[in-house]
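J.: Sequence and computational prediction follow.
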Amino acid sequence: MADTVGKLVVKLRAAEFSIWNTCDGDNLSPEVRIERLTPGVASLAVFVLSPNEPGCSFTSWIAWNIEPAASIPEGIPPQGVVTAPVNAVQGTNDYGTLGYRGPCPPPGETHRYHIKVYGLDSMLDLAAGATKHDLIEAMKGHVLQFGDTVAIYSR
C-alpha cells in the first residue's frame, strides 16, 4: 500500500438519488462517476452506507473487482458475479441479499447515503456473497485511492 492514499473525486448525477435508483422505482444501482483515477489502480471497490439505519453504517451495496474506469455504470444486476454492464463481484448487503438495494426511508423522512469508492492495487481474491467486514479485511494493504460523496432521498 502506498504511504499516502490518493484522493478520488466521486459523483452521482445529482445530490438526490433518481427515483429509479430507489425502492419507489426499479431499484437500479446508480451510476457512480469517478475522476482523478491514477494509472496504478487495478480495480475498484464500492460501498453504499446509510448512517440513518440501525448500526450507523448500514450497507446497502458492496461490490469489488470492478474494472477501473471513469464510471461504474448504472443497473448492475443483483447477482454475485457480474459480466455486464461491467465485470464485478458483489457481496451480501445488510438486508441479507446480493447486490444493490436502493434507498427506502419511511414516508415523510429524508435519509442521506454515503457512496465510498476505493482504488485498489490488485483484484481481490474474495468470493461473491462476502460481507462488508470480509471486504474491508481483503482490502487492507491494497488501497491506493479513496473518494466519497453523499446523496439523499426523501419519501
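T.: Received it, and whenever you're ready, just let me know what you need.
J.: Local confidence estimate at Ala128?
T.: Listed pLDDT for Ala128 reads 98.
J.: Make residue 1 into 44 and carry on from there
T.: In the new count, where the first residue is 44, that last one comes out as Ala171.
J.: Does it belong to a helix, a strand or coil?
T.: Remark: Ala171 carries the secondary structure label coil [criterion: DSSP: H, G, I helix; E, B strand; the rest coil].
J.: The nearest residue to it once chain neighbours are set aside and Lys54, how far apart?
T.: Leaving aside its chain neighbours, Ala171 sits nearest to Gly123 (2.7 Å; criterion: C-beta to C-beta, 6 or more residues apart in numbering). In this view, the C-beta of every residue, glycine as well, is placed from N, C-alpha and C. Note on Gly123: its distance to Lys54, by C-beta to C-beta, to the nearest Å, is 27 Å.
J.: cool, and Thr135?
T.: In terms of C-beta to C-beta, Thr135 sits 27 Å off from Lys54.
J.: and what of Leu169?
T.: From Leu169 to Lys54 the distance is 26 Å (C-beta to C-beta).
J.: still on that earlier bit, list the contacts of the residue nearest to Ala171.
T.: Gly123 makes contact with Val132, Gln133, Leu141, Ala170, Ala171, Gly172, according to C-beta atoms under 8 Å, 6 or more residues apart in numbering.
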